[in-house]
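Engineer: need a structure here:
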Amino acid sequence: MSRVIKSAAFRAESPKVLEVFLPISPAGPLLTEDTPSPPLEPEETVEAQAERVLEETRIAVQELMIQAREQANAIIAEAHHSAAAVVAAAEQEGEAIRRRHAEEGYQFGVAQGLEAARQEAEAIVAEAWHEAEAARQAKAAYIENMESEMVELAIAIAEKILAYEIANRQDVVVHIAANALNKVRDMSAVILKVNPQDYTLIQSIKPELTAMVKGLRTLAVEQDETVSLGGCIIETNHGYVDARIDAQLEEVRRVIREVMHG
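Structural biologist: Got it, this is the predicted structure:
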């Protein structure tokens, strides 16, 4: 069955999704027809920098999680301490109740008085442990909420970095398209879809981009409003490479969640 991505005109079999990369490093030189087509080799490739950014994000998230768990553990420790104090007070009160009911029991029956004292004391202790369990659940909810907040914080930071790069560097889409084309091999025809604002720039370097794919005879550049500024989609007869910015952010979100739960 064909796969469709946000555009009724785009359909492809066996979709291939591009690995995560973030457009942060300077764009490297484009390959020409006289140059072989290995991956681009600037001072630090986009993929290498993406790995570094993700690793830094992992470390930052792990540190935040440690802090969150320490805070949560402090909360639960205090709750348990309070619960233990309540239990101790409950036991003392229960003993006083037993004595009181034992004395009163002589008037209406020792057995009945002791049973009433036992039930009342057990109810107080049960309530104390109920409060402790509520504190434990509050800890779990606190950690879960912190995880969600930290994921969104990390994504917000990544979005700001990307937005800054795209706004200040017109060549971002060039480098992303070049890296995406490096994922394509032995294709005779490729469609490169970009945001309308990136179309003129990409169209102007189409010969250089075409030379990057071995055996490529036809590279069609199309405008697609579903592709955000700076990103692209490459469609082939065998699938597609998704290098849209939002797709990369979603992959970052997935990686961060794996780090948190790993």
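
Engineer: Just list the residues touching L229, thanks.
Structural biologist: Going by CB atoms under 8 Å, 6 or more residues apart in numbering, L229 touches I166, V173, N195, Q197, D198, I245. Heads up, the C-betas are built off the backbone N, CA and C, glycines and all.

Engineer: Just give the number of residues close to the closest residue to I245 other than its chain neighbours.
Structural biologist: Leaving out its chain neighbours, the residue that sits closest to I245 by CB to CB, 6 or more residues apart in numbering is G231, at 4.2 Å. Around G231 there are 27 other residues, counting by other CB atoms under 10 Å.

Engineer: pLDDT value on G231, please?
Structural biologist: The per-residue pLDDT reported for G231 equals 90.

Engineer: Who are the contact partners of it?
Structural biologist: Under the criterion of CB under 8 Å, 6+ apart, the neighbours of G231 are V173, I176, V194, N195, A243, R244, I245, D246, A247, Q248.

Engineer: what about burial for those, which qualify?
Structural biologist: Members of the contacts of G231 that pass the buried threshold by neighbour count (16 or more other CB atoms under 10 Å) are listed as V173, I176, V194, N195, A243, R244, I245, A247, Q248.

Engineer: if we can go back for a sec, look up how far R169 lies from the residue nearest to I245.
Structural biologist: G231 sits 14 Å away from R169 when distances are taken as CB to CB, to the nearest Å.

Engineer: cool, K183 as well?
Structural biologist: When distances are taken as CB to CB, K183 and R169 turn out to be 22 Å apart.

Engineer: so where do the strands sit in this protein?
Structural biologist: Counting by DSSP state E, the chain has strands at residues 3-4, 11-12, 189-194, 218-223, 232-236, 239-243.

Engineer: Extract the CA atoms of the fifth one and return them as CSV.
Structural biologist: Spelled out, it's strand 232-236. The C-alpha atoms that make up strand 232-236 are tabulated as CSV, following Å, rounded to 0.1, in the frame of the first residue of the first chain:
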residue,chain,number,x,y,z
CYS,A,232,13.1,19.2,2.3
ILE,A,233,11.6,15.9,1.2
ILE,A,234,13.3,13.7,-1.4
GLU,A,235,11.0,11.4,-3.3
THR,A,236,12.2,8.4,-5.4
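
Engineer: Fine by me, we can end here.
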